[in-house]
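**Q** structural data only, the sequence is not supplied:
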C-alpha cells in the first residue's frame with residue numbers, strides 16, 4: 001500500500017503502517033479480551049454498536065475465532081504504545097491498558113461500510129506518542145458547562161488520543177468548584193457567567209464524576225485555580241481577600257468596543273476584559289485562604305498536576321506577583337503535586353523547583369517571553385507548548401467567523417493551526433524538555449456545547465497529531481491532513497458533532 005498516495009483516514013497518523021487484509025464485521029463478531037482490559041473493550045463495544053448497530057458480545061479469557069476483535073496485553077512496548085493488525089482477526093496489543101485504549105481509538109477510525117456491510121480497513125500498525133502530555137483546556141469559568149457537557153467533550157477529544165483535560169475552573173466571571181469552608185465562592189462567585197449568562201459550579205461529587213469519566217478514557221484532569229489575577233469572582237464572594245480593580249487602557253478600550261461595563265469592586269463582572277483583578281499579597285488571612293484552596297483542590301485531584309494560573313496579572317505589583325508565585329507554587333508542591341503556571345510566572349524567580357511552565361506566546365516569541373519560559377526548565381521543570389496564534393481553539397477561523405476572538409495575531413485557519421512544531425517555538429529548549437502540547441478553548445464567546453463543537457472541530461485533530469505523531473512522519477503534511485480530516489465528517493455527523501465546514505477542506509457530500 002502506498003501510504004503517501006492514499007492515506008488511511010487516521011488522526012493522529014501512526015508511526016508505521018503497512019498493508020494487511022481487511023476484516024468483515026458481522027453479528028457474529030465478538031470482542032475478546034482479558035480481565036485487565038475489560039473496561040477498554042467495553043467502551044470499544046459500545047462505540048462500535050453506536051456506529052454500526054452491531055451488538056458485539058464481549059468475551060473474557062477465551063480463544064478468538066476468525067472475524068473477532070482481540071484486545072490484549074503483551075510484552076515489549078512503552079506505556080502508551082500499541083500495535084494493531086488485521087488478518088483472521090483484528091488484534092490490538094499493548095503493554096498497558098492505556099496503550100490498548102489508544103489502539104481501540106485507532107480501530108474506530110478504521111471502521112468503514114460498503115455494499116456488503118461494515119468492515120475494518122486492513123492495516124498493520126505500530127504506534128507510540130511523541131509527547132507524554134497531549135492536552136486540551138476547557139474554560140468553564142467564563143461560561144459554565146455541566147458534567148454531562150464536559151463528559152461529552154471528553155468523548156470527542158479522547159478519540160484523537162488526547163490524554164489531559166485542563167479545566168480552567170476560576171476566573172473573573174465565575175468560580176466553579178465547591179470547597180469546604182468557603183461556601184460564598186460558589187453561592188455568590190459562581191452565580192453568574194460572561195455576558196450575563198447563568199453560572200453554576202461543580203460539587204465535590206460532580207468533580208469526582210468528571211475525573212472518573214476521564215480516567216476511564218485514560219485522561220488526566222488538571223484543575224486550574226487562576227491566581228493572583230483573574231480573581232474578581234473571589235472579590236464577589238470574599239472581598240477581604242482582594243484589591244480594588246486596576247483599570248488599564250486595553251480593558252477600557254475593549255469595554256467601549258464591545259459595549260461592556262467596566263468591573264466594579266464587589267459586583268459580578270460580566271465582560272471579557274482582563275488584567276484588573278488581584279488578591280491581596282502578603283496578607284496572612286489571604287495567604288491562609290490561598291493555601292487552603294490549593295490544598296483542597298490537590299486532595300480532590302488524583303492526577304499529578306495542579307495549575308496556579310499566573311497570567312495577565314496587570315493589577316498586581318511585580319514584587320507582589322513574585323511573592324505570590326512563590327507562596328502558591330510552594331503550597332501546591334507541599335501537597336505532593338507538581339505546580340503548573342502560565343509562562344509569565346517564570347519571571348518571578350520564586351517558583352518551586354520542578355514547576356512546569358505553560359507557554360502561550362506566539363509561534364515566534366514576543367520580546368522576553370522565551371526568556372520567561374526557559375526559566376521553568378532551568379528550575380528543573382519542563383514546558384507545555386500552547387502558542388496562542390496556532391493552538392488556541394477559540395480564535396476565529398477567519399474574519400467572518402461569528403464566534404471566537406482574534407487578538408492572537410488575527411484569525412487562525414485550520415492550516416495555520418497545523419503549521420508549527422513544538423520543538424521549534426522556544427529557542428534554546430530541547431525536545432526532551434517539552435512535556436507536551438495543549439490546545440486551550442477559552443469561552444468568552446462560547447456559550448453552548450454546539451459552540452464548543454464548532455470551534456474545536458476541525459482544528460483539534462491536527463493539533464492532536466502534532467502532539468502524537470513524529471515530526472517527520474510520512475503523512476505529517478497539510479495535504480495529507482486535510483484529506484484525512486475530511487474523512488472524519490461521517491463519524492462526527494453520526495456522533496452529533498456540529499463541526500465547522502471549513503472551505504480549506506474538501507468535505508464529502510452531505
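**A** Nice, thanks for sending it over. Bear in mind the structure is a predicted one, so any value in this text is a computation, not a measurement.

**Q** CA only for contacts and neighbour counts going forward, please
**A** Noted.

**Q** buried ones in stretch 116-126, by neighbour count?
**A** Within stretch 116-126, the residues that count as buried by 16 or more other Cα atoms under 10 Å are 118, 119, 120, 121, 122, 123, 124, 125, 126.

**Q** tally of neighbours for residue 317?
**A** 12 (other Cα atoms under 10 Å).

**Q** same thing with residue 396?
**A** Neighbours of residue 396 using other Cα under 10 Å come to 21.

**Q** same check on residue 493?
**A** Residue 493 has 12 neighbours, counted by other Cα under 10 Å.

**Q** need the max-distance pair from the buried residues of stretch 116-126.
**A** Within these, 118 and 126 form the most distant pair, 23.6 Å apart (Cα to Cα).

**Q** quick revisit: which of the buried residues of stretch 116-126 fall in strands?
**A** Applying DSSP state E to these, the entries found in strands are 118, 119, 120, 124, 125, 126.

**Q** for the residue nearest in space to the middle of the chain, give me its contacts.
**A** Among the residues of the chain, the one closest to the centroid is residue 136, at 1.0 Å (Cα atoms, centre = their mean). For residue 136, the contact set (Cα atoms under 8 Å, 6 or more residues apart in numbering) comprises 157, 162, 164, 165, 166, 438, 439, 440, 441.

**Q** format the buried residues of stretch 116-126 as a markdown table; extra columns: pLDDT.
**A** Shown next, in a markdown table, are these (pLDDT from 0 to 100):
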| residue | pLDDT |
| --- | --- |
| 118 | 97 |
| 119 | 97 |
| 120 | 98 |
| 121 | 97 |
| 122 | 97 |
| 123 | 97 |
| 124 | 98 |
| 125 | 98 |
| 126 | 97 |
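
**Q** can you redo these as a markdown table with distance to residue 478?
**A** Shown next, in a markdown table, are the buried residues of stretch 116-126 (distance: Cα to Cα, whole Å):
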| residue | distance to residue 478 |
| --- | --- |
| 118 | 29 |
| 119 | 28 |
| 120 | 25 |
| 121 | 23 |
| 122 | 24 |
| 123 | 22 |
| 124 | 24 |
| 125 | 22 |
| 126 | 22 |
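
**Q** of those, closest to residue 285?
**A** Residue 285 lies nearest to residue 126 out of these, by Cα to Cα, at 54.9 Å.

**Q** neighbours of the nearest residue to that closest one once chain neighbours are set aside, how many?
**A** Spatial nearest neighbour of residue 126, chain neighbours left out: residue 83 (4.5 Å); criterion: Cα to Cα, 6 or more residues apart in numbering. Residue 83 has 23 neighbouring residues, counting by other Cα under 10 Å.

**Q** regarding residue 83, what is its secondary structure?
**A** strand (DSSP: H, G, I helix; E, B strand; the rest coil).

**Q** wouldn't it be in contact with residue 127 here?
**A** Yes: using Cα atoms under 8 Å, residue 83 is in contact with residue 127, at 6.2 Å.

**Q** what's the residue nearest to the centre of the chain sitting at in phi/psi?
**A** Backbone torsions for residue 136, taken as degrees, to the nearest 10, come to phi -130, psi 140.

**Q** so how far is residue 464 from it?
**A** The spacing between residue 136 and residue 464, counted by Cα to Cα, to the nearest Å, is 9 Å.

**Q** helices of the stretch 351-500 of the chain, start to end?
**A** For the stretch 351-500 of the chain, the helices defined by DSSP state H, counting those that start in this stretch cover 369-378, 388-391, 414-418, 449-456, 459-468, 478-486, 489-494.

**Q** where does pLDDT dip in the stretch 1-150 of the chain?
**A** Low-confidence segments of the stretch 1-150 of the chain (pLDDT under 70): 1-6.

**Q** what distance separates the start and the end of stretch 190-205?
**A** One end of stretch 190-205 to the other measures 17 Å (Cα to Cα).

**Q** bridged to the closest residue in space to residue 85 that isn't next to it in sequence, which residues?
**A** Spatial nearest neighbour of residue 85, excluding adjacent residues (Cα to Cα, 6+ apart): residue 124 at 4.4 Å. Here residue 124 sits in beta bridges with residue 18, residue 85, going by DSSP bridges.

**Q** residue 79: which of the buried residues of stretch 116-126 is nearest?
**A** The closest of the buried residues of stretch 116-126 to residue 79 turns out to be residue 126 (Cα to Cα; 13.4 Å).

**Q** for the closest one, what are its contacts?
**A** 14, 15, 16, 17, 81, 82, 83, 84.

**Q** residue 88: neighbour count?
**A** Around residue 88 there are 16 residues (other Cα under 10 Å).

**Q** just residue 35 next, same as before
**A** Counted with other Cα under 10 Å, residues neighbouring residue 35 total 11.

**Q** what number of residues lie near residue 171?
**A** Counted with other Cα under 10 Å, residue 171 comes out at 29.

**Q** chain neighbours aside, what residue packs nearest to it?
**A** The shortest distance from residue 171 to any residue other than its chain neighbours is 4.8 Å, reached at residue 230 (Cα to Cα, 6+ apart).

**Q** look up phi and psi at that neighbour.
**A** Taking degrees, to the nearest 10, you get phi 50, psi 40 for the backbone angles of residue 230.

**Q** now residue 136: how far from residue 220?
**A** Residue 136 is 11 Å from residue 220, by Cα to Cα.

**Q** and the helices in the stretch 101-250 of the chain, which stretches?
**A** Using DSSP H, counting those that start in this stretch, the helices of the stretch 101-250 of the chain run over 147-158, 184-187, 204-216, 232-237, 249-258.

**Q** tell me which residues in the third one are buried?
**A** In other words, helix 204-216. Buried, per 16+ other Cα under 10 Å, within helix 204-216: 206, 207, 209, 210, 211, 212, 213, 214, 215.
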